[in-house]
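> With the sequence up front, the predicted model follows.
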Amino acid sequence: MTHNKLIVILGPTASGKTDLSIKLAKKFDGEIVSADSRQVYKGMNIGSGKVTKKETAGIPHHLLSIANPKNRFSVVQYQKLALKAIKSIQKKNKIPILVGGTGFYIQSIVDGIIIPEIKPDWALRKKLEKIALSELFKRLQKLDPVRASNIDQNNPRRVVRALEVVLKLGKPVPTLNSKKPSFNTLQLGITKSSEKLKTLIRKRLIKRLKNNAMINEVKKLHKNGVSWKRLEEFGLEYRFVAQYLQNKINYQEMINNIQIESEHYAKRQITWFKRSKKINWIKDYKEAEQLIKKFI
RNA sequence: GCCGGGGUAGCUCAGUGGUAGAGCACUGCUCUGAAAAAGCAGUGGUCGAAGGUCCGAUUCCUUUCCCCGGCA
């Protein structure tokens, strides 16, 4: 007899998800499934804030370091692997704890959204990206007026992707659907004041820079064949350390940019999470523990 | 002390004889296989101070205070 319970721990960057989740996993006999779009990559450890082996304290962690940073990983791959991991944990009669800050990844599990089964076609995208955005949007309007009417026409990624789906599918983009929720889910979100968050981001950044650890990590990634362009795509520490190593910016600019962009990122995450009404906002371990006791 | 250049949004700066803009910051938001990505919107200034000319001055004139560079 297996259960279908799932606990989710989410929150903005630097809010303390990792520590909290490990404590809870110990307490409630759980295993952790990461929901982080950067921690999936091998070799991206310090900059992405991946737990160290020691910190895991023996709690199994899933979906960390499973992808090659030279290749692009995406939500759908995440969704498949995470579902598999969650089910296998439930089968062992342990409690899966989904932990992370990537709202889209969490949504793909919790709401079970169905994303069109058209794989990214990078050659096609490259071709489309050369065309003016307004022109692309006109084409989309012609081929799929419904999708065109609710898409952000200023966003090249969205428009290109929509066209990709329409062209390869030969028909309009399916309207967004969700499967029946497959899990009995408890979502816990960590709240912190923005002042507190900024301080935590700053402290963490200083720590990551210590002994050149983060700089060396990025150097190593590049040495192993991850291009500067690719590293910059990852954003935050990877973007600005890569720019620093290319002499595009100086050390102080690198630090300032990482700090400010991390603060922006935290706000975007909060904006995303706010949309969900199913999140229980908590301040500390105690509140989390109580809610979970009731849930289990 | 003299000669230049400058003082306009939190910061860096545009600009005009009819009470002002940009980028960044800040605030809010979007999200259909890149999501730490990619986009959108909004708030914000007695235009250094005081006089004068003018129907009207942030813009022209005078004085004054402050900053930067050069010469003494």
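Alright, I've got the coordinates. Fair warning: this is a prediction, and the values are worked out from it, not measured in the lab. Numbers count the residues shown, from 1 in each chain, chains lettered A, B, ... in the order given.
> what's the burial count for the residue in the stretch 151-296 of chain A positioned nearest to RNA strand B?
Relative to RNA strand B, the nearest point of the stretch 151-296 of chain A is A:Gly235 (2.3 Å; CB to the nearest atom of the strand). The way it works is simple: take the backbone N, C-alpha and C, and place the C-beta from them, glycine included. Using other CB atoms under 10 Å, A:Gly235 has 16 other residues around it.
> quick one: it and A:His264 touch, right?
No. Counting by CB atoms under 8 Å, A:Gly235 stays clear of A:His264, with 10.2 Å between them.
> ok so, going back, just give the nearest non-adjacent residue to the residue of the stretch 151-296 of chain A closest to RNA strand B, would you?
Leaving aside its sequence neighbours, A:Gly235 sits nearest to A:Glu261 (CB to CB, 6 or more residues apart in numbering; 7.1 Å).
> tell me, how many neighbours does that neighbour end up with?
16.
> Which strand or helix spans it?
Under the criterion of DSSP states H and E, A:Glu261 resides in helix A:251-274.
> Briefly note if that helix comes near RNA strand B.
Yes. Interface with RNA strand B: helix A:251-274 contributes A:260-261, A:263-265, A:267-269, A:271-272, A:274 (CB under 7 Å from any atom of the strand).
> Make a ChimeraX selection of the buried ones in those residues.
The ChimeraX command for the buried members of the residues of helix A:251-274 next to RNA strand B (criterion: 16 or more other CB atoms under 10 Å) is given here:
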select /A:261,263,265,269,272
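> chain center to the helix or strand bottoming out on mean pLDDT in chain A: distance?
The helix or strand with the lowest mean pLDDT-type score in chain A, counting by mean pLDDT, DSSP states H and E, is strand A:177-178 (a mean of 78). Here the centre of strand A:177-178 is set off from its chain's centre by 20 Å, with CA atoms, centre = their mean, to the nearest Å.
> what lines up beside that strand in the sheet?
strand A:113-114 (antiparallel) (DSSP bridges).
> Can you point out the buried residues in the helix or strand following the strand it pairs with?
Moving toward the C-terminus from strand A:113-114, the next helix or strand (DSSP H and E) is helix A:122-129. Within helix A:122-129, the residues scored as buried using 16+ other CB under 10 Å are A:Leu128.
> elements contacting helix A:122-129?
helix A:156-169 (3 or more CB pairs under 8 Å, 6 or more residues apart in numbering; DSSP states H and E).
> quick one: average pLDDT of the helix it packs on?
For helix A:156-169, mean pLDDT rounds to 96.
> buried residues in it?
A:156, A:159-166.
> How much space separates A:Pro172 from A:Leu163?
The gap separating A:Pro172 from A:Leu163 is 11 Å, by CB to CB, to the nearest Å.
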